[in-house]
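Trainee: With the input below, show me the fold.
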Amino acid sequence: MTGREKKEYNDLFFVCSLIEYIGRKTKNHRNVVVNAIGKDKLEHIYELADVYHSDNIERISDELTTNYHINMGVFDNVADGKYSIPTYWDIGKVYKRLIVDICDKQDKKPIETLIEVYNSWLSRKIEDFNSSLYYESPEYLYESYIKGEVL
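Mentor: Model prediction:
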């Protein structure tokens, strides 16, 4: 481990932030982005995240959007936000923490868990920037996820 957290956690943080960035740019729900990119490419990005992280996120986003045919959608939670909007890095951290908790507590693999989380009911709740759910503690989000409802 170098820095404040494990390399794998930082790599996961980058992948989640990239998903958020692409979702905002293409106006898609984040599961649309995840499903379009697919497990194999997500694994690849995760494995090389330290390299990708030093590149321009907009360039990477453009490449993935083109290569995986991520078309423009109509979901614009940024424009719909009535209050202060979290950055794509902020939301990347929310997802990273939830995925790490699930992996650690349930002995699951990161990218499989990422796909599961982004395709869950909770992802749609986190995407709602007019609620405060994305500000909740990692423990609260984990317990809500496990329970299947906002506690």
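Trainee: When you work out contacts or count neighbours from here on, use the C-alpha atoms and nothing else.
Mentor: Fine.
Trainee: Tell me the backbone dihedrals of Lys6, please.
Mentor: Dihedral angles of Lys6 (phi, psi; degrees, to the nearest 10) stand at phi -60, psi 150.
Trainee: so where's the protein shaky on pLDDT?
Mentor: For the chain, the stretches with pLDDT under 70 are 1-3.
Trainee: how about the helices of this structure, start to end?
Mentor: Secondary structure of the chain (DSSP state H): helices located at 7-26, 30-47, 49-53, 57-67, 77-80, 88-106, 110-118, 121-126, 138-147.
Trainee: Could I get the buried residue list for the fifth one?
Mentor: Applying a neighbour-count criterion of 16 or more other CA atoms under 10 Å, the buried positions in helix 77-80 are 77-78.
Trainee: The second one too?
Mentor: Burial within helix 30-47, assessed by neighbour count using 16+ other CA under 10 Å, is assigned to 30-34, 36-37, 42, 45-46.
Trainee: And for stretch 80-93?
Mentor: Under the neighbour-count criterion of 16+ other CA under 10 Å, stretch 80-93 has 88, 90-93 buried.
Trainee: The residues you listed into a markdown table, with extra columns for distance to Pro138?
Mentor: Converted to a markdown table, those look like this (distance: CA to CA, whole Å):
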| residue | distance to Pro138 |
| --- | --- |
| Tyr88 | 17 |
| Asp90 | 13 |
| Ile91 | 12 |
| Gly92 | 13 |
| Lys93 | 10 |
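Trainee: Spatially, which two of the residues you listed are the most separated?
Mentor: By the measure CA to CA, Tyr88 and Lys93 form the most distant pair in the buried residues of stretch 80-93, at 8.6 Å.
Trainee: Next, show the common contact partners of these two.
Mentor: Ser17 (CA atoms under 8 Å, 6 or more residues apart in numbering).
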